[in-house]
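Trainee: Sequence first, then the predicted structure, then my questions.
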Amino acid sequence: GDSVTQMEGPVTLSEEACLTINCTYTATGYPSLFWYVQYPGEGLQLLLKATKADDKGSNKGFEATYRKETTSFHLEKGSVQVSDSAVYFCALSGGNQFYFGTGTSLTVIP
Amino acid sequence: DAGVIQSPRHEVTEMGQEVTLRCKPISGHNSLFWYRQTMMRGLELLIYFNNNVPIDDSGMPEDRFSAKMPNASFSTLKIQPSEPRDSAVYFCASSRRQGGGYTDTQYFGPGTRLTVL
């Protein structure tokens, strides 16, 4: 069945460091791919999405490219801030189901 | 536009009591999802509805849990009787399901933090 696998955390970075959180997926069709972010004490919020191969989703300095050949959707940011500290979830929409990864906790220290 | 609304935001109850969580999805959305989040098990899908009809309830832990969606603008998740292991944050999410079964972005509510003593 469809699924997503994302990099285990937690991840701790210094402010202005580069971030990559890996996400790979398994799907039988042509899914849409998403990154959600969850700040402490809040619900999940959509960060970015891509609906077809080679699409790049971007928001708040974060980017992810839908790579069909490697079945990946890695999240990247060139310079993280303390305010980016949160849990990040990769997700896939396939058919009539929505699948979330296990989440990667990011802490950015000043 | 109002997002997904959940109530209450916090609930503290004693073991054995009935708990009812409420959700109002975004207007125009036709799919609704209930999730549970804990440190141990992460984010778990409990049940989802499409056009007010339960489609998949395989994630509901046991018969103590039940969910209803009497109309397009309201859903409840009930736990009766509650147990300490039900303590978690419960999220409701809604989306617009497109033709052909494709499910668009899910929008989450702020969650209900349930503590069962």
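Mentor: Received, thanks.
Trainee: now the host helix or strand of A:Thr24, how far from the chain's geometric center?
Mentor: For A:Thr24, the host element (DSSP states H and E) is strand A:23-26. Centroid separation between strand A:23-26 and its chain, computed with Cα atoms, centre = their mean, to the nearest Å, is 10 Å.
Trainee: Return the residues of chain B in contact with chain A.
Mentor: By the criterion of Cβ under 8 Å from any Cβ of the partner chain, the positions of chain B lying close to chain A are B:4, B:33, B:42-43, B:45, B:50, B:55-56, B:91, B:93, B:95, B:97, B:101-111. (Each C-beta comes from the backbone N, C-alpha and C, glycine too.)
Trainee: Just the CA trace of the strand holding A:Thr24, in PDB.
Mentor: What follows is strand A:23-26 as a C-alpha-only set of coordinates in PDB (Å, rounded to 0.1, in the frame of the first residue of the first chain):
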ATOM      1  CA  CYS A  23      11.200  11.900   2.800                       C
ATOM      2  CA  THR A  24      10.600   9.000   0.500                       C
ATOM      3  CA  TYR A  25       7.300   7.500  -0.600                       C
ATOM      4  CA  THR A  26       5.700   4.400  -2.000                       C
END
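Trainee: average pLDDT for that strand?
Mentor: Per-residue confidence for strand A:23-26 averages out to 95 on the pLDDT scale.
Trainee: What count of nearby residues applies to the spatially closest residue to A:Ser93 that is not a sequence neighbour?
Mentor: Distances taken as Cβ to Cβ, 6 or more residues apart in numbering or on different chains place A:Ser32 nearest to A:Ser93, at 4.4 Å, with adjacent residues excluded. The number of residues packed around A:Ser32, counting by other Cβ atoms under 10 Å in any protein chain shown, is 22.
Trainee: Test my guess that A:Ser32 contacts A:Ala50.
Mentor: Yes - distance between A:Ser32 and A:Ala50: 7.0 Å, which falls inside the contact criterion (Cβ atoms under 8 Å).
Trainee: quick one on the thing from earlier: from the residues of chain B next to chain A, which land in strands?
Mentor: With DSSP state E as the criterion, strands contain B:Phe33, B:Gly42, B:Leu43, B:Leu45, B:Asn50, B:Ile55, B:Asp56, B:Phe91, B:Ala93, B:Ser95, B:Tyr107, B:Phe108 from among those.
Trainee: Just the buried ones among the residues you listed, please.
Mentor: B:Phe33, B:Leu43, B:Leu45, B:Asn50, B:Phe91, B:Ala93, B:Ser95, B:Tyr107, B:Phe108 (16 or more other Cβ atoms under 10 Å in any protein chain shown).
Trainee: Having no further points to raise, I will conclude here.
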